[in-house]
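Q: no sequence for this one, just the structure:
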């Protein structure tokens, strides 16, 4: 298992950013957080350094990686591969629930959570 410290750029308040931090915590991976608020002028500059021109962005010894699921998978695979499943069946189940949370649950969070904070 790797002991590399990753550098994660983006808004620490965004759900995708939090997904990465939760994965890192479960896998005992070291992540240096480089918080950039979306209203900060450097936010766009940070995004331009990303392969997909979006944040979050992870700097690794192998290069730069963007997109939350890809980053979470990379961290888990390099820090605690068993976290992603030991068999092909377990790996498929991890992917199933990751996709479910990312697509089915996430799309409804705005309509449920934002009114609680007076955003809608």
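A: Nice, thanks for sending it over. Note that the structure is a prediction, hence the values are computed from the model and not measured.

Q: okay, CA-based contacts and neighbour counts for the rest of this
A: Will do.

Q: Domain parsing of the protein, as residue ranges.
A: The record assigns the chain these domain ranges, following automatic domain parsing: 1-84, 85-120.

Q: ranking those by mean pLDDT, which is last?
A: Within the domains of the chain, confidence is poorest for domain 85-120, with a mean of 83 (mean pLDDT).

Q: Distance-wise, check residue 73 relative to residue 111.
A: For residue 73, the distance to residue 111 equals 28 Å [CA to CA, to the nearest Å].

Q: re the thing from before, will you turn the domains of the chain into a markdown table that also has mean neighbour count?
A: Rendered in a markdown table, the data for the domains of the chain read as follows (neighbours: other CA atoms under 10 Å):
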| stretch | mean neighbour count |
| --- | --- |
| domain 1-84 | 17 |
| domain 85-120 | 12 |
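
Q: So residue 6 is in contact with residue 62, correct?
A: No: in this structure, residue 6 sits apart from residue 62 without contact. The criterion is CA atoms under 8 Å, and the distance is 10.6 Å.

Q: Which of the three states applies to residue 65?
A: strand (DSSP: H, G, I helix; E, B strand; the rest coil).

Q: Identify the residue nearest it in space, chain neighbours excluded?
A: Of all residues beyond its chain neighbours, the one nearest residue 65 is residue 58 (5.1 Å), with distances taken as CA to CA, 6 or more residues apart in numbering.

Q: Is that neighbour bridged to anything, and to what?
A: The bridge-partner assignment for residue 58, based on DSSP bridges, gives residue 8, residue 65.

Q: ok, it to residue 14 distance?
A: For residue 58, the distance to residue 14 equals 15 Å [CA to CA].

Q: cool, residue 61 as well?
A: Following CA to CA, the distance that separates residue 61 from residue 14 is 25 Å.
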